[in-house]
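> Just need the structure, nothing else, for what follows:
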Amino acid sequence: MKRLISELQRRRVFRTAALYIVGAWLLLQVADVVFPALDVPERAVRYVLFGALLGFPAVLVFGWFFDISAHGISRTHAAGPDEVPAPQALRRTDFILLAALAAVAIAIVYSMVGRVVDEPGFERKAAGDGPPMVAVLPFTAASLGGDSEFFAVGIHDDLLTRLAQLESLRVISRTSVLEFKNTVRNIRDIGAQLGADVILEGGIQSAGDRIRINAQLIDARTDEHLWAHTYDRELTAASIFDVQTEIARAIASAMHATLTPQDVSQLAVIPTENMAAYREYRRALEMRAAGSVWKNEEYQQALENAVELDPHFTRAMAELVGHLSFTNFFHPEDTESVPRAEALLERIRVLAPDSADHLIAKYYYTYYTLKDYPRAYQLIRQAESLRPSDIELLVIKTYIQRRVGDYESRIETIKKLIRLDPLNTSRKDRLLWNLILTHQYDEAETTLAAHDDDRLETAYWRAYLSLREHRDVSRWAKDMEDLWVQDEDFGLPDERWNTRIAIRDFEGAKQLLGELDAEESDTGMYFSEQTTARIITLWFLGDEKGLSELLPTKRAFLEQSRDSEGNFENLGTNLQLALIAAAEGNVEEVRKLVRYTLQEANKDKTSLSSMLGEACRLLGMVGATADVVNCLRRAFTEPSDAQPFLEPFLPYYDPVRDEPAFIELLTEFE
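Numbers count the residues shown, from 1 in each chain. Below is the predicted model:
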């Protein structure tokens, strides 16, 4: 043992080990200081320690066999304790040993660096494609009610809006994160449900003229706290928006996301410095979040107050332009809303000509007032480039995409909405319906499987798509009835009526008319769905007496809504008139009205998808075989709610069912 210790001393193995330990200790100290500055998780230091431990045996081997001197690396001479070691030239086996030790060292360093870089939170890139995804949970208030609660809601919403403007990040919508208000659920579970990379939590406390905002950023995959800060500020609108900007920058930094020049420009914008204007604007948004506000005078007045208090508040102006334009769309007789909207629009153009506020305000005016849909589509796409994660803007975009008939882009927009608003099940239903509408049944099946759950809506889509395989309308109707038994509010009376008609249970359809009549009456430019159902039911039952009493009064009701040029303002009125003509057996009037309606619908395709199926049914009722075949072929190849696995089997087409051209059509789409 003494001889071994002496040999270790002579070969300077102890000195080599000591120097290595000191060097490893220094490296750990440096890592402990530098890693947090580089946003590397602190626990990644352990990989440096593991690497140092793994390298220690290799250093001992090196110290035993080799010496380092001014002459370079030489082999240690095997000598007795009383002999003076003499340097020896390296032999071939020494080079092999050195190469092996070097390979071990490189492997250790490579593995250590790889572990650090792969550590969750080091790069913090998004789990999926595109920029990192951030979820901002609802901020908590230090005390319920009062200003703390008001600012907790307001700052949370404003922060979402600010983050939605950034190109370098994506932000989960308010709708999805609200489910986790005051939650006690695990951060990892929340992150998994939302598809988020990081989660921001915050709290608000306001007292007098001061406000305190606490915020902390958490890695959604590891539950590690990445960043935290407390902001104590004077309670002003400017300071609130400044804090939001700082938080947005901190999130981007923690995610290693490089802010683009556009991001920097967006973050520099302070919407308003007037606290009273800010309060009025927030009050308006709370009313809007609570429900429809287009007839709400208090909502409009709150926006007017915000604009009056701060004549530079373009965000409030844009909201007000939208409200005024929307009001004019439904009430053209309102002569005050358009001039007011135009004045506000010009004001925004002067104050912020290249802003998202200006583009959105122009979109509202162009869409609702000018009805220039191609131009409106262009404007909303420009606005989206400035607010990539803005949910409301994307929803608006789906409206114009339907209006211009761009269903493929609409489907992609809905998919983006689902990624940003993953817990909103209505968006998944909307995606399924649009895939079916465009006859993309395989993708609809895949989507249904991916979003499978125990909702009745999901069971509804499953039953509908299964009809594509079994083609048994009675079985499908039974599936529908089973769903309605589970929840009587799930199946609306008109849906149940349609199902009764589909299986030719016309007496059962007649019994349902009582429920339909109890809910709606004829008003405005066209008669109700209940009246439509009554006419169709009487026709199927062959009730000529009932039709003779009903049809003349309903025709007169429609005729009174013609304009000075003899046209109907709403295209749907033409199809209702065609229904009356079909029930009367007037083939030529039906063909003429259907042809005109579908021709005009090409100019504004919002209702074309639903009008196609309705038009085909009317042509079927009067036995216009050639027109029915052409109509259905178009309905099965263009976006339409008429599907080849159900539509041709409905009783509307019984008058043409045995016609060769109709049979050929069924074979073609089988």
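> Pop the domain breakdown of the protein in here.
2-118, 133-267, 275-471, 562-669 (automatic domain parsing).
> rank the ones you listed by mean pLDDT and give me the bottom one.
Confidence, taken as mean pLDDT, is least for domain 2-118 of the domains of the chain (a mean of 59).
> Quick check on the residue nearest in space to the middle of the chain: phi, psi?
When the chain is reduced to its mean C-alpha position, the closest residue under Cα atoms, centre = their mean turns out to be L417, at 1.7 Å. When read as degrees, to the nearest 10, the backbone of L417 gives phi -60, psi -40.
> how much space between it and K397?
When distance is defined by Cβ to Cβ, to the nearest Å, L417 is 9 Å away from K397. To be clear about C-beta, it is placed using only N, CA and C from the backbone, and glycine gets the same treatment.
> A141 now?
From A141 across to K397, the span is 34 Å (Cβ to Cβ).
> show me where the chain has strands.
Counting by DSSP state E, the chain has strands at residues 66-69, 72-75, 133-136, 140-141, 170-171, 198-207, 210-219, 225-234.
> picking that back up, hang on, the residue nearest to the centre of the chain packs against K428?
No: in this structure L417 lies outside contact range of K428 using Cβ atoms under 8 Å: 9.7 Å.
> which residues are common contacts for those two?
When contacts are counted by Cβ atoms under 8 Å, 6 or more residues apart in numbering, L417 and K428 are jointly contacted by no residue.
> quick one on the thing from earlier: any chance of the domains of the chain in TSV, plus distance to T531?
Formatted as TSV, these follow (distance: least, Cβ to Cβ, whole Å):
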stretch	distance to T531
domain 2-118	66
domain 133-267	36
domain 275-471	22
domain 562-669	8
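> Out of the ones you listed, the one nearest L513 is which?
When the domains of the chain are compared for distance to L513 using Cβ to Cβ, the nearest one is domain 562-669, at 15.3 Å.
> from the chain's centre, how far out does stretch 602-622 sit?
When C-alpha coordinates are averaged (Cα atoms, centre = their mean, to the nearest Å), stretch 602-622 and its chain have centres 31 Å apart.
> I should have written stretch 138-151 there, sorry.
In terms of Cα atoms, centre = their mean, the centre of stretch 138-151 is found 27 Å from the chain centre.
> so how far does that stretch reach from one end to the other?
With Cα to Cα, to the nearest Å as the measure, the first residue of stretch 138-151 is 11 Å from its last.
> Could I get the contacting residues of the closest residue to L267 other than its chain neighbours?
Using Cβ to Cβ, 6 or more residues apart in numbering and skipping residues adjacent in sequence, the residue nearest L267 is T245, 4.7 Å away. T245 makes contact with R162, L267, A268, according to Cβ under 8 Å, 6+ apart.
> Could you turn the buried ones of those into a ChimeraX selection?
Paste this into ChimeraX to select the buried members of these, with burial taken from 16 or more other Cβ atoms under 10 Å:
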select :162,267
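> Relative to L435, which of the contacts of T245 is nearest.
Minimum separation from L435 among the contacts of T245 (Cβ to Cβ) is found for R162, which lies at 33.6 Å.
> State the distance from the closest one to W476.
Relative to W476, R162 is positioned 48 Å away (criterion: Cβ to Cβ).
> separation between the residue nearest to the centre of the chain and D390?
Taking Cβ to Cβ, one finds L417 at 11 Å from D390.
> got it, and P493?
Plainly put, P493 is 37 Å away from D390 if you go by Cβ to Cβ.
> Comparing those two, which residue is more hemmed in?
D390 (23 against 19; other Cβ atoms under 10 Å).
> Nearest spatial neighbour of the more buried one, chain-adjacent residues omitted?
Of all residues beyond its chain neighbours, the one nearest D390 is A164 (4.4 Å), with distances taken as Cβ to Cβ, 6+ apart.
> does that neighbour really touch V171, like I thought?
Yes: under the contact definition of Cβ under 8 Å, A164 touches V171, with a separation of 5.4 Å.
> Need the residues touching each of the two.
Any residue near both A164 and V171 by Cβ under 8 Å, 6+ apart counts here, and that gives S389.
> and the two? which has more neighbours close in?
Comparing A164 with V171 by other Cβ under 10 Å, the one with more neighbours is V171, at 29 against 24.
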